[in-house]
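**Student:** Quick one, fold the following:
(4 chains)
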Protein chains: 2
Amino acid sequence: MRRVTIREIARRAGVSESAVSFALNNRPGVSEYTRRMILQVAEEMSWRPNSAARALGGSRTGAVGLVLARPAETLGVESFFLRLVSGIQSALSTSATALLFQVVADVAAEAEVYRRWWAERRVDGVLVVDPRIDDPRPNLLSTLGLPALLIGGPDPTGTLPSIWADDTRAMTAIVEHLRSQGHQRIAHVAGLADLLHTRHRIEAFEAATGAASVTTDYSDEAGGRVTRELLTAAEPPTAIVYDNDIMAVAGIGTAAELGRAVPADVSLVAWDDSPLCRLTHPMLTALVRDTFGFGQRAAHRLLEVVDGTATGDVEDEMPHLEPRGSTSTRQ
Amino acid sequence: MRRVTIREIARRAGVSESAVSFALNNRPGVSEYTRRMILQVAEEMSWRPNSAARALGGSRTGAVGLVLARPAETLGVESFFLRLVSGIQSALSTSATALLFQVVADVAAEAEVYRRWWAERRVDGVLVVDPRIDDPRPNLLSTLGLPALLIGGPDPTGTLPSIWADDTRAMTAIVEHLRSQGHQRIAHVAGLADLLHTRHRIEAFEAATGAASVTTDYSDEAGGRVTRELLTAAEPPTAIVYDNDIMAVAGIGTAAELGRAVPADVSLVAWDDSPLCRLTHPMLTALVRDTFGFGQRAAHRLLEVVDGTATGDVEDEMPHLEPRGSTSTRQ
DNA sequence: CTGTTAGCGCGTTCAC
DNA sequence: GTGAACGCGCTAACAG
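**Tutor:** Numbers count the residues shown, from 1 in each chain, chains lettered A, B, ... in the order given. Purely as a prediction, here's the structure:
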């Protein structure tokens, strides 16, 4: 495959390289006639800008980054994650921006990736997922000067702009829904204690019920174990809210083992919907989010942040509960 | 954040820019003493190469690409996929190579991404997953001249180098294992008909059993439906092999609905292991692959292909069966 | 207003 | 070990 440069287009079109550059970037300085002619030649030769040359001259690389710090045990997020990435890319593709993606073991490694990407000028900005309590990343990114958008939040330190959904109100809505079905004793099997959204959910849950949430590592094992503890206690809950789909699926299995009928004896709710929630019998009532759209909106916002045309937080739409067989009216 | 260039290092170290470049790249042309001195200065100033400048001068971008053409229904691959990507990156990180990642809807869009990446010189090579029957990608990539490694294969057209695991032998091993447990009637719920590995599995299955495989779209719905058809037939199978975890999980649910005991009435095997396979009761016997290691080896091999130091196919290790509760000895 | 020439960004490489 | 040219697109400054 021959490489096509602006120089060749200029030669072929019989004009200067700068004229070609102006025409290709839709900038003044060239007549309408010449522009059309140049564009046609470029089209015929199927020219594409060399991203390296562009990045070197201008200050844009045309790429943004996403790092997923993925402790081995956190498997429930996968489905959520691929939908999010799909949405992100659907938004990025309209501005021909590429996505640099990396999976690392922990936040320390994540920080190292940001440093490297920025030092090597590989990205124009990054999307930061899973904000944590006492999160070192906003401070790091702000110190580096690397434009970033926090997905989830808002940032407690007010350092990074963010896009977020209201987990607090979502949890309150779930509890109210269960209450309206007659549930008095509700339990909450939460996720990783140091995630910001976990704290939000816990605070909302405890405020609404007065009961204490239990934190876990999101694993199926934890979901099963905690469910067993809850259901074999003196006064077992009549409804359990799980912070992800995996734990809810494990929970429904454990309930069956213990001989508890779902939803007659105990109702179950999964925080995030996924195909898993439709594999169980009964199917799991789940909190549905428009994750693809969320990703789109996040990417769009990041591009604005990179351009400097946006700062501050945006609240995304609230997720809604999709009732299925695992919950039902109690009398 | 101040940007550090080779020019500054040269000034600070009192040498020429080329000397710095030689020293930083461990190339001859500079004395050991000077090299050390330069490296120390670079270290102090925490210099990092500007990837754009490097890409522009040399012919390497220091990035490789991976496109996932993900039809909405193919959800079972997610877990496999993240493990694969983790492995890929663990190998890439040792050579400071970045991964450009994109999720698209279909192979046509995937081809378009390859064209764009290559035209824009964004990648040095790509990893191609899910080879298909009559796959247009090897031909395209070869025409473009974009170095590529096929994950799965080998490429029937012999166009692209590949790394692959022997699905044929794996299927044969599964059938033999089931036979050794006394199973006479075995069924195979296969995946998408146009995937190459689906064909390999089907051919191996039909050669070993004489029975016909059924192709599906990998969905839980298909897994459940086909299981129901199989189990309510005149002579139901005593063992079923599913091409992914999702369908096997749906299958175990359907068996329960029909009142068939697993494994007493019917044994089930999932092709790919995942946490899902441990969420069922009984747990699913599954084919275990070292997906992380597979990704590592694939990335390593791609880098060799990019360097031109490798061509041809490599066979990766064969997956092994991990027996769990969903299969057992029949008499 | 239309178009050109010159020089920049930054690391690499080749001739000296 | 050095100086200078190069890769490719962008962008002042400048000429018609």
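
**Student:** Okay, now the unreliable bits of chain A?
**Tutor:** A:1-2, A:71-78, A:329-331 (pLDDT under 70).

**Student:** and the nearest residue to A:Glu221 once chain neighbours are set aside, what helix or strand is that in?
**Tutor:** Leaving aside its sequence neighbours, A:Glu221 sits nearest to A:Ala250 (C-beta to C-beta, 6 or more residues apart in numbering or on different chains; 7.3 Å). Glycine gets a C-beta too; all of them are placed from N, C-alpha and C. Using DSSP states H and E, A:Ala250 maps to helix A:245-257.

**Student:** Please work out which residues outside that helix touch it.
**Tutor:** Here helix A:245-257 makes contact (C-beta atoms under 8 Å, 6 or more residues apart in numbering or on different chains) with A:75-76, A:79, A:189, A:216, A:218-224, A:226-228, A:231, A:240, A:242, A:261-262, A:265-266, A:268-274, A:276-277, A:279-280, A:284, A:286, A:326, B:275, B:279-281.

**Student:** let's go with 6 Å and repeat that
**Tutor:** Here helix A:245-257 makes contact (C-beta atoms under 6 Å, 6 or more residues apart in numbering or on different chains) with A:76, A:189, A:220, A:223-224, A:227-228, A:242, A:262, A:266, A:268, A:270, A:272, A:274, A:276-277, A:280, A:284, B:279, B:281.

**Student:** Which SSE is immediately downstream of it?
**Tutor:** Criterion used, DSSP H and E; the element after helix A:245-257 is strand A:267-270.

**Student:** Can you dump the C-alpha atoms of that following strand in CSV for me?
**Tutor:** The C-alpha coordinates for strand A:267-270 follow below in CSV (Å, rounded to 0.1, in the frame of the first residue of the first chain):
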residue,chain,number,x,y,z
SER,A,267,-37.4,-11.1,47.2
LEU,A,268,-34.2,-10.3,45.4
VAL,A,269,-33.0,-7.3,43.4
ALA,A,270,-29.8,-7.0,41.3
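
**Student:** so, in contact with chain B or not, that strand?
**Tutor:** No. Counting by C-beta under 6 Å from any C-beta of the partner chain, chain B is not contacted by strand A:267-270; separation bottoms out at 12.8 Å.

**Student:** next one: that strand to chain centre, how far?
**Tutor:** Relative to the chain's own centre, strand A:267-270 is displaced by 23 Å; criterion: C-alpha atoms, centre = their mean, to the nearest Å.

**Student:** Report all helices and strands that that strand contacts.
**Tutor:** The contact analysis (3 or more C-beta pairs under 6 Å, 6 or more residues apart in numbering or on different chains; DSSP states H and E) places strand A:267-270 against strand A:239-242, helix A:245-257.

**Student:** repeat that for 10 Å
**Tutor:** helix A:167-180, strand A:186-189, strand A:239-242, helix A:245-257, strand A:285-288, strand A:320-322 (3 or more C-beta pairs under 10 Å, 6 or more residues apart in numbering or on different chains; DSSP states H and E).

**Student:** B:Ser142 is nearest to which of these?
**Tutor:** Smallest distance to B:Ser142 across the helices and strands packed on strand A:267-270 (C-beta to C-beta): 41.7 Å, for helix A:245-257.

**Student:** So which bits of the closest one are buried?
**Tutor:** Using 16 or more other C-beta atoms under 10 Å in any protein chain shown as the burial criterion, the residues of helix A:245-257 that qualify are A:Asp245, A:Ile246, A:Met247, A:Ala248, A:Val249, A:Ala250, A:Gly251, A:Ile252, A:Gly253, A:Thr254, A:Ala255.

**Student:** Now tabulate those in CSV and tack on distance to DNA strand C.
**Tutor:** CSV is the format used below for the buried residues of helix A:245-257 (distance: C-beta to the nearest atom of the strand, whole Å):
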residue, distance to DNA strand C
A:Asp245, 46
A:Ile246, 45
A:Met247, 47
A:Ala248, 50
A:Val249, 50
A:Ala250, 51
A:Gly251, 53
A:Ile252, 56
A:Gly253, 55
A:Thr254, 57
A:Ala255, 60
